[in-house]
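Student: The following block contains a protein sequence and its predicted model.
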Amino acid sequence: MKIIIFGANDIGFLIANEFYTDNDITVIDEEKNKVDAFNKLDVGFISGNASNIEILKHAGIKDTDVFIACNDSDELNIVACLTVKRLSKAKTLCFVRKEEYKSSLGIATNAECNCDFYIDDVIWPEELLTQEIFRIITVAKALDVEYFADGRARLLEYKVPKYSPLVKTQVKNCEFPKDTLIVGITREGELFIPNGETTLLENDKVIFMGLSHSLNLLAGKFFHEKEFVKYVTIIGGGSVGLKLAKTLENLRLKLKIIEKDEERCNYLSEELNNALVINGDGTDLELLNEEDIASSDVVVSVTNNDEKNLLCSLLLKHLGTARVISRVSKDTNIALFEQVGIDIAISSKTASLNEIKNNIKDTNIGILATVEQGQGEVLNIELPETFKEIKLMDLKLPAKAILGIVQRNNRIIIPNGTTQIMSGDNIIIFTTSTNAPIIKKFFGE
């Protein structure tokens, strides 16, 4: 595919780095905005503004398949995407940082009137981050949560605790509930695909796929005693904190939100119905003790400052908080946060990259999700009419991967070796990012 990226910033680099090996990538931006990391990529670069018609023509917009606008200016991104729609048939993906743009452009995209002056997908990174945090919060002890098949199937990731019966047990002897599969393990920072002989160890991060009800049984048996989260505290009342709080209020949780700015606290109090708004600093140890924040089932630190989020999270882990989720602005800091004991570190840029992957699809294969900072991929594959029916045990994949879910019409199947897959099936496969291109090629031929 030919892809044009408007924005040579950090998110532009993440997108280019993900797609440049298999696609023709051109980046448009002012030279002064170009981050140094682009110099190591084999991509074209045009200095200029993508809202300029001549610049777009010079970049070859008429032959472009996908146009991604991720410049730091919302207005320039919007104008560029609308201009592209006038010049070509390229799919347009537009990044915005203001919620009002997301709302108004979404209405325009879905308008009932016939119009070719629209944007295909509007991406608000903070909304994606909020959605990811919400999914994780609602499943006790989970490190990652993804939903498939309208929520009837899921992916859940857990860390194996010290005194778990799973420690030093081979996978084949774990007696997991029916309709659940272990598809991946991260050990000492490296993700791999297990088999029946693999022995689970303390602190392994284990990824499961299966029917939602069966995964609830598995979680209750091995990872937590109670199914529901009841007490949540949010540190940071910005756009992410507010949107997350509004979403959580619908679950009737006991919710607290700590915000340092008094004027912002007044606004939060007006916007929220059932949350306790506290004017204070999340790094104030005395405040954390007075409000008994450590007793929360989950604390989420979502200020726009990595250093503050790290300090808040470390203080809360020291006080004994069961689970701490921290927002990270710089993707390079994710590993650092987890190394010092923060349970979950999440970046809006990573969430945005996943959204881009889901949107760019030119074959029968799509990417539903990525895990462990891109080390693993969940692939959705539509088996074509030419696919010959075969038992799973007889399917010789060219690289390590686990077929976790088969969706056949309205039926969801968690397969075993005797399960037959056939044309028309949607199959969901878990594999490493290294093996993903091999698996895609195998099913894409």
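Tutor: Structure received.

Student: From now on I want contacts and neighbour counts done on CA atoms only, so please keep to that.
Tutor: Will do.

Student: Now do the domain split for the protein, please.
Tutor: 2-123, 145-222, 229-350, 361-444 (automatic domain parsing).

Student: so which of those gets nearest Leu129?
Tutor: domain 229-350 (4.9 Å; Cα to Cα).

Student: Turn the domains of the chain into TSV, including distance to Ile136, mean neighbour count and mean pLDDT.
Tutor: Listed next are those as TSV, based on distance: least, Cα to Cα, whole Å; neighbours: other Cα atoms under 10 Å; pLDDT from 0 to 100:
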stretch	distance to Ile136	mean neighbour count	mean pLDDT
domain 2-123	21	18	87
domain 145-222	6	18	92
domain 229-350	9	19	92
domain 361-444	13	17	89
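
Student: could you redo these as CSV and give each row distance to Gln131?
Tutor: Listed next are the domains of the chain as CSV, based on distance: least, Cα to Cα, whole Å:
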stretch, distance to Gln131
domain 2-123, 13
domain 145-222, 11
domain 229-350, 8
domain 361-444, 13
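
Student: Among those domains, which comes closest to Thr138?
Tutor: Proximity to Thr138 (Cα to Cα) singles out domain 229-350 among the domains of the chain, at 6.2 Å.

Student: so how far is the closest one off the chain centroid?
Tutor: 19 Å (Cα atoms, centre = their mean, to the nearest Å).

Student: what does stretch 133-140 give?
Tutor: Stretch 133-140 has its C-alpha centroid displaced from the chain centroid by 13 Å (Cα atoms, centre = their mean).

Student: CA atoms only: put it into CSV for me.
Tutor: Written as CSV, here are the backbone C-alpha positions of stretch 133-140 (Å, rounded to 0.1, in the frame of the first residue of the first chain):
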residue,chain,number,x,y,z
ILE,A,133,-8.1,1.8,31.1
PHE,A,134,-11.9,1.2,31.5
ARG,A,135,-11.6,-2.3,30.1
ILE,A,136,-8.8,-3.2,32.5
ILE,A,137,-10.4,-1.6,35.6
THR,A,138,-13.6,-3.6,35.2
VAL,A,139,-11.8,-7.0,35.5
ALA,A,140,-10.2,-7.5,38.9
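
Student: What residues sit buried inside it?
Tutor: By 16 or more other Cα atoms under 10 Å, the buried positions in stretch 133-140 come out as Ile133, Phe134, Ile136, Ile137, Thr138, Val139, Ala140.

Student: most centrally placed residue in this protein?
Tutor: For the chain, Ala351 is the residue whose C-alpha lies nearest the centre (Cα atoms, centre = their mean; 4.0 Å).

Student: Wait, a helix at that residue?
Tutor: Yes. According to DSSP: H, G, I helix; E, B strand; the rest coil, Ala351 belongs to a helix.

Student: quick one: it from Ser313, how far?
Tutor: 21 Å (Cα to Cα, to the nearest Å).

Student: Strands along the stretch 301-445 of the chain, start to end?
Tutor: Using DSSP state E, counting those that start in this stretch, the strands assigned to the stretch 301-445 of the chain run over residues 324-327, 344-346, 365-371, 376-382, 390-391, 401-408, 411-413, 420-421, 426-432.
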